[in-house]
Each structure stands twice: as structure tokens, then as C-alpha cells.
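Visitor: The following block contains a protein sequence and its predicted model.
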Amino acid sequence: NAGVTQTPKFRVLKTGQSMTLLCAQDMNHEYMYWYRQDPGMGLRLIHYSVGEGTTAKGEVPDGYNVSRLKKQNFLLGLESAAPSQTSVYFCASSLGQNSYNEQFFGPGTRLTVL
Amino acid sequence: AQSVTQLDSQVPVFEEAPVELRCNYSSSVSVYLFWYVQYPNQGLQLLLKYLSGSTLVESINGFEAEFNKSQTSFHLRKPSVHISDTAEYFCAVSGSARQLTFGSGTQLTVLP
């Protein structure tokens, strides 16, 4: 089992460019999440999905879009990147039936927007 | 709404000394509490969790945390730390929304 994988690991964008981050999990989890991690702020939830074809906004959704076309994949898109989106992005997944289900995290994507 | 406060952003400690990382939470509903650990350049891993029952929970590598409902705290302790425990530690709370709310993290640095 690979667990949760993220592609790419690093990326540098110019302001206004677009990109998509891919998250994949092989644990047959229902729930998937996208977080951003910034120094001194912990992890903040961007968007999440409770199942294939469904998505919902988290704490900091502005400037991001997501899609969950397949159960195992969760895509995070930046349509027009801004320097404020420079961050480390983590994807996570969980079984999802209960709020105490452990979330499993990917290794992260470090994004720099110039 | 729920929130988590980690009172110390940096905790330096010498090897083999005890350590306590503090975490306080607020929530209007019953909660589940978690500690995650993040080693350099890696994702987060679950260290331990409190769901119900005994208020003292332990991890396989010697950490323990005690749920204190009256003080709304879930402090993490280890009686003797090792260099390999150097990492960032995140306290998190989960309520009825099935989402995790994280604290801002505590960087534990174990000095030789």
C-alpha cells in the first residue's frame, strides 16, 4: 500500500499561472481533504470531500477549486496563483464514517508563487 | 465552533529530560482529541488519540496524554526524550462535523 501520495512534490509558479495538485489514496477511504500549512498557523482546511462526486468548502477556500471524479483521487486547482498561496499543501484521507476516524496524510507539496 | 490553542511554539529540552507540550481546546460539543507528529519534510502521522473511556492515553514510543474535561486540556508528556523525538507536534480536535481543527504546532527540539 502506498497510502496517500501527492504530485508534484515541489512547484514554482509565477503570479497568474494556474496549476493542479493531484492526491491519490489506495485505502478505499470515503473522505479526502486538502490543507495548507503556513508557519505559526498550523494546518488549515481548504476543501474536503465526503465521497466521489461531492466537495465542500473548508476554512480557507478562496482562490482554490477541487474535484473528486474518482473515489481514489482528489484534485486541488489554482486558477490564478497569487504570492499569498505560497505554502505547503497536504492531502489527507479517512474512512469518514465517524469524526474520530484517523486522517492519513500525504508527504506534501511545496508551492512557491513568485 | 471549535478551536485549539498550543501554548508553546518552541520547546527546547535536553536529551533524557522530561517534556510536556500543552494543548487547550474549546468546543460546544463532545470532542475527540488527537496529537499528530510531523518529522522534517514529511507529512503528519497520528501519535495518539482520545475517543472515550480512560482519560490517559499512550503511544507506542513512550508519549502519553491526559484528557482533562474540566480544564479543557490534552497535554502531551514524555518522561525521557530522545534526539529522535525532535519534530513538530500538533494537537487537533474533532467534533460532530467530522473535520479536524489543528493547533498552531509546537516545535520540540531535543538537545544532546
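Guide: Perfect, thanks for sending it.
Visitor: Enumerate every residue touching the residue of chain A found nearest chain B.
Guide: For chain A and chain B, the shortest gap (Cβ to the nearest Cβ) falls at residue A:105, measuring 3.6 Å. To be clear about C-beta, it is placed using only N, CA and C from the backbone, and glycine gets the same treatment. Applying Cβ atoms under 8 Å, 6 or more residues apart in numbering or on different chains to residue A:105 gives the contacts A:4, A:90-92, B:36, B:43-45.
Visitor: what pLDDT does it get?
Guide: pLDDT for residue A:105: 94.
Visitor: Give me the buried entries from the contacts of residue A:105.
Guide: Among these, those scoring as buried are A:4, A:90-92, B:36, B:43-44 (criterion: 16 or more other Cβ atoms under 10 Å in any protein chain shown).
Visitor: Could you double-check that residue A:103 sits in contact with residue A:33?
Guide: Yes - with contact defined as Cβ atoms under 8 Å, residue A:103 and residue A:33 form a contacting pair (6.7 Å).
Visitor: Overlap in contacts, the two.
Guide: A:92-94.
Visitor: Phi, psi for the most centrally placed residue in chain A please.
Guide: Closest to where the C-alpha atoms of chain A average out (Cα atoms, centre = their mean) is residue A:34, at 2.7 Å. The phi/psi pair for residue A:34 (degrees, to the nearest 10) reads phi -120, psi 130.
Visitor: doesn't residue A:48 make contact with it?
Guide: Yes - counting by Cβ under 8 Å, residue A:34 touches residue A:48, with 7.1 Å between them.
Visitor: Pull up the overlap in contacts between these two.
Guide: In contact with both residue A:34 and residue A:48: residue A:58, using Cβ under 8 Å, 6+ apart.
Visitor: how many neighbours does residue 21 have?
Guide: Reading this off chain A. By other Cβ atoms under 10 Å in any protein chain shown, the residues close to residue A:21 number 21.
Visitor: wrong one, I was asking about chain B
Guide: 24.
Visitor: tell me the contacts of it?
Guide: Contacts of residue B:21 by Cβ under 8 Å, 6+ apart are B:6, B:8, B:11, B:75-77, B:89, B:91, B:106, B:108.
Visitor: Can you pick out the most distant pair from those residues?
Guide: By the measure Cβ to Cβ, B:6 and B:77 form the most distant pair in these, at 14.2 Å.
Visitor: So which of these two has more stuff around it?
Guide: Set side by side, residue B:6 and residue B:77 show more neighbours around residue B:6, with 20 against 15, by other Cβ under 10 Å.
Visitor: how near is the nearest residue to that one once chain neighbours are set aside to residue A:73?
Guide: Distances taken as Cβ to Cβ, 6 or more residues apart in numbering or on different chains place residue B:103 nearest to residue B:6, at 3.8 Å, with adjacent residues excluded. Separation of residue B:103 from residue A:73 (Cβ to Cβ, to the nearest Å): 29 Å.
Visitor: Can you pick out the residue with more neighbours from these two?
Guide: Shown here are residue B:103 and residue A:73; by other Cβ under 10 Å, residue B:103 has more neighbours (26 against 16).
Visitor: doesn't residue B:91 make contact with that one?
Guide: Yes - at 4.4 Å, residue B:103 and residue B:91 qualify as touching, with contact defined as Cβ under 8 Å.
Visitor: Find the residues that touch each one of the two.
Guide: Contacts common to residue B:103 and residue B:91, judged by Cβ under 8 Å, 6+ apart, are B:4, B:6, B:23.
Visitor: Among these, which ones are in strands?
Guide: Among the shared contacts of residue B:103 and residue B:91, DSSP state E puts B:4, B:6, B:23 in strands.
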